[in-house]
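Test case, fold it:
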Amino acid sequence: MRIELENFLRVLELRVAHTTFMRKAWQIKSFYKFLLYHNRHFTEVKKETVEKYLRSFNCSRGARQQLCFVISEFYDFVKFPNPAKEITFRKDTSKELPKVPSQQVIRNIIRNLSAEDTVLSLRNRLIVELAYGSGLRRMELVKLNIDDIGLENRTLFVNGKGGKNRIMPLTEKAVYCIREYLGKRRAWTGPLLVSFTGRRLSFQAVYQILKQKLGIRPHQLRHACAGHMLKNGCDIRIIQELLGHKDLKATQIYTQVNKEDLREVINKNHPMNL
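Numbers count the residues shown, from 1 in each chain. Okay, the predicted model is just below:
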């Protein structure tokens, strides 16, 4: 299966966005390792083998469906009878709302980062300022170059998902942080976010910095950007433009988050409930 797997990944990388490729590559490699461990060739796999593999994960139904879909894609690619296509999933009618950190949580993170004045602390604060202030995705963050920044007009050129580029406004705090960070780095060209060795931060490194050091996932900052702006009265179409959503439906989920907040406030404070 190794040669077939390499060919599949080579073609897949040309077809999908980098983040999607990284996820699917990990998923199909995980299945490959499963078959190796059980001394099973991919041509011998039946529906029951795939089901056993899926049950080995303690994850949501949606995550299992993704794993199953990648396996199905692989078998379609190698043009071999597809055992994954025989597996069906019950329709999940529930929609999990994004977990949006409170404004106080974000303020605490930025305040803690502002307590230090080192290059790395300024870099970490800049990651937060850009992800929360401009709603950038993690992959958009790591692709940023210093040349993408327009400090005079406070804008940022963003290489977005699926090659969809956009010009983003920078907050005053982000502009200040960029000036301080680049001044300490003494850098005026090249990648914006770098490690202590001077190399561009990786996709995984940004996650580790935020999750392990600050206790928050990168996408939660993006959720917070949208959720807090909507809560403070921003038009949803402006938020759609900010996040780079092609379809307004992807942005409208934040209206559901705000309804949940409203319900909680009513339940807690309405005189009928006191």
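
In space, not sequence, find me the middle residue of the protein.
In the chain, the C-alpha nearest the mean C-alpha coordinate belongs to residue 219, at 4.8 Å (CA atoms, centre = their mean).

my read: it touches residue 136, true?
No. Contact criterion CB atoms under 8 Å: residue 219 and residue 136 do not qualify, at 10.4 Å. To be clear about C-beta, it is placed using only N, CA and C from the backbone, and glycine gets the same treatment.

hey, where'd the strands end up in the chain?
Assigned by DSSP state E, the chain shows strands spanning 149-150, 155-159, 165-169.

ranking those by burial, who's on top?
strand 155-159 (a mean of 18; mean count of other CB atoms under 10 Å).

can you give me the angle that one makes with strand 165-169?
Between strand 155-159 and strand 165-169, the angle comes out at 150 degrees (axes from the mean of the first three to the mean of the last three CA atoms, to 10 degrees).

List the contacts of strand 155-159.
Contacts with strand 155-159, where a contact means CB atoms under 8 Å, 6 or more residues apart in numbering, come from 130, 134, 136, 140, 143-144, 148-150, 165-170, 244.

For the nearest residue to residue 140 once chain neighbours are set aside, list each beta-bridge partner.
Residue nearest to residue 140 in three dimensions, not counting chain neighbours: residue 158, with 5.3 Å by CB to CB, 6 or more residues apart in numbering. Beta-bridge partners for residue 158, by DSSP bridges, are residue 166.

Just the pLDDT for residue 158.
Here, the pLDDT recorded for residue 158 equals 87.

circling back: need the residues touching each of residue 219 and residue 136.
Common neighbours of residue 219 and residue 136 (CB under 8 Å, 6+ apart) do not exist.

which ones are touching residue 202?
Contacts of residue 202 by CB under 8 Å, 6+ apart are residue 142.

roughly how far apart are it and residue 195?
Look at residue 202 and residue 195: by CB to CB, to the nearest Å, they are 8 Å apart.

Equivalent analysis for residue 90, please.
Residue 90 sits at a distance of 44 Å from residue 195 (criterion: CB to CB).

Among these two, which residue is more densely surrounded?
residue 195 (14 against 6; other CB atoms under 10 Å).

Next up, phi/psi of the more buried one, please.
phi -80, psi 180 (degrees, to the nearest 10).

can you start the count at 21 instead of 1 from here on
Got it, the first residue is 21 from now on, which makes the last one we talked about residue 215.

so it touches residue 221, yeah?
Yes. Contact criterion CB under 8 Å: residue 215 and residue 221 qualify, at 5.9 Å.

what's the pLDDT at the residue nearest to the centre of the chain?
The model's pLDDT for residue 239 equals 84.

Which residue lies closest in space to it, excluding its sequence neighbours?
Leaving aside its sequence neighbours, residue 239 sits nearest to residue 158 (CB to CB, 6+ apart; 7.0 Å).

Could you tell me how many residues sit around the one you found?
Residue 158 has 22 neighbouring residues, counting by other CB under 10 Å.

so who does it touch?
Residue 158 neighbours (CB under 8 Å, 6+ apart): 39, 151, 223, 226, 227, 238, 239.

Good, wrapping up.
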